[in-house]
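>>> Below: sequence and its predicted model.
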Amino acid sequence: MTTSANLDNIAITVHAHRLLRTLLNENPVLEKILLTAATREEALTAVRNWVLPKLKRNSAAERFYYSPKTNPELYELLNWEDFATIRILDYVDHAGEQYVDQNIHGEMAVSNPIKMLWMATNFGIGGAKPGFFMDMLQLFRQLNGSLPRDLPKKKEVLAWMKKYPSGIDSNIIELRKKNKERIINILLKKIDTGEITSPTYNFGTEMTLKQKREKMEEWWNESHFHLKFAVRSPDLLNEMLDYSLDPDTMKILYEAREKGIPFFVNPYYLSLLNVQTPEFAVGGDLAIRCYVVYSQQLVEEFGEIVAWEKEDKTEPGKPNAAGWILPSHNIHRRYPEVAIFIPDTVGRACGGLCASCQRMFDFQRGRLNFNLDKLKPDESWSERLPRLLDYFKDDSQLRDILLTGGDALMSHDNSLRQMLDEIYQMALRKINENKKRPEHEKYAEILRIRIGTRLPVYLPQRITPELGQILEGFRIKASKIGIQQFVIQTHFESPMEVTPEARRAVQVFLNAGWAVTNQLVFTTAASRRGHTAKLRKVLNDIGVLTYYTFTVKGFKENTASFAPNSRSVQEAMEEKVIGKIPGVEMDFAQSLMLDSKTIKSKIARLRDEYDLPFLATDRNILNLPGVGKSLTFRTIGITRYGRRILEFDHDRTRNHSPIINTMGKVIVIESKSIAEYLNQLEEMGEDRDDYRRIFGYSIGQTEARMPMYEYPEYEYEVTKEFTSLEI
């Protein structure tokens, strides 16, 4: 194992030397400090003494820096130079500290940037990489004013948005028709020759070629067809994409297969990928492609992937990382008000496998797979289901149930109907039992039902009129006992995924009285300037509200997809801000989810009246590897590779398990440097100058949750007692 001391003696590269020389030329005071300091400790002290007076120019910055708790009010008063000053002081305060880094399999990462600058300046050593020096160069440019915070104008953001087509643009629809025809012809030939056999999908002996094509068109509208003929091998994937995958990509895919990483891409979703890309669609499908094509880092790490979210590790009868005692693997919980319910049905599977899936840890252990027939519930499920749901009935604070998986809508109609019926019965029993409790001891009753699914994107054929009837029937019945919010929580990653088929699927939900919200994973491709803003607009157009924009979770296995948290903060403050709803409209905004059948007209009214390209109703956030979600952080360190070390605090704007009061701050070491991220964007055709201020976003503050996502008030006071909790 290479130690920190060994790395200290490694000479820096020519590129690193040039970046260092630029840094010193632009900051003569820093150069003098580094050259005259006899030791690295002297350099640390001198840098602190030089920078500290700058903090006193803004009393809010000084109070923010010294405060042990994050203060949102003070955060709003920080200026651009304050961000740099606080980061330098945090670097000094945390110099020499070591952190367990799961990106390098649990080895220790050390942060001591001033020491590395001192060693490089005086001896040309220290082992720091160009990404480190680039980050430090931009830090001192922010401090000395040569990297100003010249925020983009709305016109510029709109221009970025226009770069990205959507799946409901007429020229994209025509492009997908050709893709569909190519895929159908390949499958037709394989069925015709017997290369693929199916008792359900076959032609018999008397059909003409025209009749076979007509039959294929008919089958294309059936979800089971797409599941049956999902691509499960690299060679078939390449064939379906007209052999357009390059040799390097194929080599990675072959290695992935050898490692045991499953493939599962259905024909419909494959039809969204470009093969021969016309000018109007260049780069448009990158956010989709990175979900289908695996990265070298994922292949290398598979087998050694460490679970990111500690509270998802459950052992029946014992508290998880958040302190909640859970009855089985079917229930996951982070917060007092809501728990996730994962059924023992086909709903444990998905309509496809996302390359950056948070459950890749379970795929490598074999706990998840795409053997759909083996996932059908056994006889005991109907008996276990009501007992498991009693957990929600008997809990004092639970008022929100999120039915997910896998993918909740992978469950068959009968299974889904059974689960919803049992949820209704559980909610009714909770109401009746609550009537017997005295005032101030009453439990929270169920107010919100959510269904988590990506099938409107992966497999919109699954969203049938029959499914809509099941959902509508449940909503009507459940509304009568006081359940007020019915939400489909989906996951569109790109405006190119918003197709006519997806739009129709969303309309089925809206007609059934269920609101639709979207959660986006902020991958590298999705984080390009204007991409997320365009997705918000297109989703609003079809009646979908944006809910969360998540930083990619995971360690080295998701390096290719990871966008630094500084980019997430930048996106919120420089792009999403043009869709901010005026404060005077917050009461109106709160009503958006309550009547899904009028949601499109209400969204349109807000956008038209205030000239908003979209409604910024989501929060940019990271699922912490401890408990909960947050984007409240300070950058307290940086590795010699330029990977930032962030210290997160919990989101104090929402209720949490009281365990967070004993946990302290959460350290996250990012999986790549900002310099690496910008190089990746450049390879995607982006102008890195458009992102020049990204280095300066070194402090984050969790945005307040939008009013429409708050729970309705009860007519009684809910007990303050926590059940099912052990700290």
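Done, it's in. Numbering: from 1, shown residues only.

>>> and residue 644, how many neighbours?
When neighbours are counted by other Cβ atoms under 10 Å, residue 644 registers 24. Every C-beta, even on glycine, is put in place using the N, C-alpha and C of the backbone.

>>> State the distance from residue 338 to residue 505.
For residue 338, the distance to residue 505 (Cβ to Cβ, to the nearest Å) stands at 25 Å.

>>> Next, the contact list for residue 101, please.
107, 108, 109, 639, 669 (Cβ atoms under 8 Å, 6 or more residues apart in numbering).

>>> Could you rerun that using 10 Å?
By Cβ atoms under 10 Å, 6 or more residues apart in numbering, residue 101 lies in contact with 107, 108, 109, 110, 555, 556, 639, 643, 645, 667, 669, 671.

>>> if we can go back for a sec, residue 338 and residue 505: who's more crowded?
residue 505 (27 against 18).

>>> is it true that the more buried one touches residue 456?
Yes: when contacts are counted by Cβ atoms under 10 Å, residue 505 is listed as touching residue 456 (4.2 Å).

>>> tell me, what's touching those two both at once?
Counting by Cβ under 10 Å, 6+ apart, the residues touching both residue 505 and residue 456 are 409, 462, 463, 488, 490, 499, 516, 542.

>>> can you list the domain ranges for this protein.
Split into domains by automatic domain parsing, the chain comes to 4-149, 310-344+386-632+675-708.

>>> Pairing partners for the strand or helix carrying residue 340, with directions?
According to DSSP states H and E, residue 340 maps onto strand 338-341. When pairs are called by DSSP bridges, strand 338-341 turns out to pair with strand 331-333 (antiparallel), strand 400-403 (parallel).

>>> In terms of pLDDT, where does the closest residue to residue 203 other than its chain neighbours sit?
Nearest non-adjacent residue to residue 203, counting by Cβ to Cβ, 6 or more residues apart in numbering: residue 212, 5.3 Å away. At residue 212, the model reports a pLDDT of 95.

>>> For residue 212, pull up the helix or strand it's in.
helix 209-220.

>>> Give the other helices and strands that that helix contacts.
Helices and strands touching helix 209-220, by 3 or more Cβ pairs under 10 Å, 6 or more residues apart in numbering; DSSP states H and E, are helix 170-193, helix 223-228, helix 267-270.

>>> And the strands paired with strand 338-341: which comes nearest residue 31?
Taking Cβ to Cβ, strand 331-333 is the member of the strands paired with strand 338-341 nearest to residue 31, at 52.9 Å.

>>> average model confidence for the very next helix or strand once past the strand holding residue 340?
Scanning forward in sequence from strand 338-341 by DSSP H and E, the next helix or strand is helix 360-364. Averaging pLDDT along helix 360-364 yields 80.

>>> how close does the residue in the chain sticking out farthest from the centre sit to residue 197?
In the chain, counting by Cα atoms, centre = their mean, residue 206 sits farthest out from the average C-alpha position, at 50.0 Å. Noted for residue 206: a distance of 18 Å to residue 197, by Cβ to Cβ.

>>> And residue 177, by the same measure?
From residue 177 over to residue 197 (counting by Cβ to Cβ), the distance is 28 Å.

>>> ditto for residue 321
The spacing between residue 321 and residue 197, counted by Cβ to Cβ, is 47 Å.

>>> Likewise for residue 401?
41 Å.

>>> neighbour count winner among those two?
Neighbours were counted for residue 401 and for residue 197 using other Cβ under 10 Å; residue 401 has more, 24 against 9.

>>> what bridges to that one?
Assessed by DSSP bridges, residue 401 has beta-bridge partners residue 339, residue 449.

>>> Any idea which helix or strand in this structure has the lowest mean pLDDT?
In the chain, no helix or strand scores lower on mean pLDDT, DSSP states H and E than helix 4-8, which sits at a mean of 73.

>>> returning to that earlier point: the residue nearest to residue 203: neighbour count?
17.

>>> Now do the phi/psi pair for residue 485.
Backbone torsions of residue 485, given as degrees, to the nearest 10, read phi -120, psi 130.

>>> State the number of residues packed around it.
Residue 485 has 21 neighbours, counted by other Cβ under 10 Å.

>>> likewise residue 8?
That count, for residue 8 with other Cβ under 10 Å as the rule, works out to 18.

>>> Isn't it up against residue 115?
Yes: Residue 8 lies in contact with residue 115 (Cβ under 10 Å); the separation is 8.5 Å.

>>> any residues in contact with both of these two?
Going by Cβ under 10 Å, 6+ apart, residues that sit against residue 8 and also against residue 115 are 126, 128.

>>> How much space separates residue 477 from residue 680?
For residue 477 relative to residue 680 (Cβ to Cβ), the value is 50 Å.

>>> For residue 637, give me its contacts.
By Cβ under 10 Å, 6+ apart, the neighbours of residue 637 are 87, 90-91, 93-99, 109-113, 643-647, 667, 669.

>>> can you rerun that using 8 Å?
Residue 637 neighbours (Cβ under 8 Å, 6+ apart): 90, 91, 94, 97, 99, 111, 113, 644, 645.

>>> so can I have a markdown table of those residues showing distance to residue 660 and pLDDT?
Converted to a markdown table, those look like this (distance: Cβ to Cβ, whole Å; pLDDT from 0 to 100):
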| residue | distance to residue 660 | pLDDT |
| --- | --- | --- |
| 90 | 22 | 98 |
| 91 | 26 | 98 |
| 94 | 22 | 98 |
| 97 | 22 | 96 |
| 99 | 20 | 95 |
| 111 | 24 | 96 |
| 113 | 29 | 98 |
| 644 | 23 | 98 |
| 645 | 21 | 98 |
